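K.L.:
give me a 3D structure for the following:
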Amino acid sequence: MQITTADKGAYTLITVSGRMDATSSPSFDEAARALGPLPAKHVLVELHGLEFISSSGLRSFLALAKTVQKAGFTTAFCSLSHMAEEVFRIAGFMSILKIYPDEAAAAAAF
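P.N.:
The predicted structure follows:
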């Protein structure tokens with residue numbers, strides 16, 4: 001799994017690609033912790049290159065969303081790969097998380 005983080009002004013962009021499973025999701029958790037105990041801005045997670053996600057990866061996304069919400073900001077997801085969209089739909093995430101077609105649409109919503 002590859003993770004990149006970029007400061008985009010009003011939000012932090014986290015791009016995730018590859019496989020997010022029990023072995024690799026701790027790397028995502030570490031990147032999320034690097035934002036601080038209470039992040040200072042919105043967080044956008046871009047998933048265009050995500051090839052696989054397990055329940056531990058879903059758990060990591062929920063933990064990030066909860067932490068960002070406690071700080072008074074929003075976590076959103078964009079550019080979901082076909083596989084990620086299917087898993088999010090099955091898990092019920094499409095109705096509990098903010099999902100956008102691309103970064104521009106998410107940035108406009110922040």
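K.L.:
C-alpha only now, for contacts and for neighbours.
P.N.:
Will do.
K.L.:
which parts of stretch 73-92 are buried?
P.N.:
Buried positions in stretch 73-92, judged by neighbour count with 16 or more other Cα atoms under 10 Å: 73-81, 83-85, 87-88.
K.L.:
may I ask which helix or strand encompasses the most centrally placed residue in the chain?
P.N.:
What sits nearest the mean C-alpha location of the chain, by Cα atoms, centre = their mean, is Val45, with 3.3 Å. Secondary structure assignment for Val45, by DSSP states H and E: strand 42-53.
K.L.:
which of the buried residues of stretch 73-92 fall in helices?
P.N.:
Judged by DSSP state H, the buried residues of stretch 73-92 include Met83, Ala84, Glu85, Val87, Phe88 as members of helices.
K.L.:
what helices and strands are in contact with the lengthiest helix in the chain?
P.N.:
Taking DSSP H as the criterion, the chain has its longest helix at helix 55-70. Judged by 3 or more Cα pairs under 8 Å, 6 or more residues apart in numbering; DSSP states H and E, the packing partners of helix 55-70 are helix 25-33, strand 75-78.
K.L.:
paired strands for the last one, with orientation please.
P.N.:
What it means is strand 75-78. Note on strand 75-78: by DSSP bridges, its sheet partners are strand 42-53 (parallel), strand 98-100 (parallel).
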